[in-house]
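K.L.:
Sharing a model that was predicted from the sequence below.
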Amino acid sequence: AQTVTQSQPEMSVQEAETVTLSCTYDTSENNYYLFWYKQPPSRQMILVIRQEAYKQQNATENRFSVNFQKAAKSFSLKISDSQLGDTAMYFCAFMKLQYNFNKFYFGSGTKLNVKP
Amino acid sequence: DSGVTQTPKHLITATGQRVTLRCSPRSGDLSVYWYQQSLDQGLQFLIQYYNGEERAKGNILERFSAQQFPDLHSELNLSSLELGDSALYFCASSPAPGTFYNEQFFGPGTRLTVL
């Protein structure tokens, strides 16, 4: 069974600083996808970034980037120039193809507090 | 706007009652997922449907049931409600495998309060 582990329940960062959120996963699959979702206080789930396992290049979306280490099964999220609006719960997710449909697994989340 | 709609947005009911939550996936998405999220907790996966058929079950109580209809909308039925069932219930959808944007798209959630 696949598991996704986020070992940091809560983190804080000063505005304009950089922070890295950790995520590790356990799988025997070779082809899969990884995602980071953000859940601000409004509790809407918002996709931040996606990474295909077959791509060696790390994904980047503006101030958000990932460090994908396939052999280590690690998928960390780096937020540069943190802004107050980045305050949210962040969930790491793993997706694999099972038979003919996608199956998702979520981590327990990291609560990020950006301080002014 | 993710394209996933959920109704109602809020629901207040009493213990022992039964409620139905409704979800319409994004146009063309075949998979529907249901999650429960209590305050300051993570996402608890309940159940997944693909093109009308149940595909995966998580920690779904026997008092809860779901189905996906031919038009692909889904309903989550919660019965004999208890105080602990108060939570935010999310529906998410995803397209068929092989589609480029294959992530889950989440609805805004239904906030259930059991008094």
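P.N.:
Perfect, I can see it now. Please read these numbers as outputs of a predicted model, since none were measured by experiment. Numbers count the residues shown, from 1 in each chain, chains lettered A, B, ... in the order given.

K.L.:
Can you show me the strands along chain B?
P.N.:
Along chain B, counting by DSSP state E, strands occupy B:5-7, B:10-13, B:19-24, B:31-37, B:44-50, B:53-57, B:64-68, B:74-78, B:87-94, B:105-106, B:110-114.

K.L.:
export the ones you listed to JSON lines and tack on mean neighbour count and distance to chain A?
P.N.:
Quick note: C-beta positions are derived from backbone N, CA and C, even for glycine. Output for these, formatted as JSON lines (neighbours: other Cβ atoms under 10 Å in any protein chain shown; distance: least, Cβ to the nearest Cβ, whole Å):
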{"stretch": "strand B:5-7", "mean neighbour count": "16", "distance to chain A": "11"}
{"stretch": "strand B:10-13", "mean neighbour count": "14", "distance to chain A": "12"}
{"stretch": "strand B:19-24", "mean neighbour count": "19", "distance to chain A": "14"}
{"stretch": "strand B:31-37", "mean neighbour count": "25", "distance to chain A": "6"}
{"stretch": "strand B:44-50", "mean neighbour count": "22", "distance to chain A": "4"}
{"stretch": "strand B:53-57", "mean neighbour count": "14", "distance to chain A": "6"}
{"stretch": "strand B:64-68", "mean neighbour count": "19", "distance to chain A": "12"}
{"stretch": "strand B:74-78", "mean neighbour count": "20", "distance to chain A": "14"}
{"stretch": "strand B:87-94", "mean neighbour count": "24", "distance to chain A": "5"}
{"stretch": "strand B:105-106", "mean neighbour count": "21", "distance to chain A": "4"}
{"stretch": "strand B:110-114", "mean neighbour count": "18", "distance to chain A": "8"}
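
K.L.:
which residues sit in contact with B:L46?
P.N.:
For B:L46, the contacting residues are B:Y33, B:W34, B:Y35, B:Q36, B:K57, B:G58, B:N59, B:I60, B:F64, B:A66, B:L76, by Cβ atoms under 8 Å, 6 or more residues apart in numbering or on different chains.

K.L.:
what pairs with the third one across the strands?
P.N.:
When bridges are assigned using DSSP bridges, the partners listed for B:Y35 are B:F45, B:F90.
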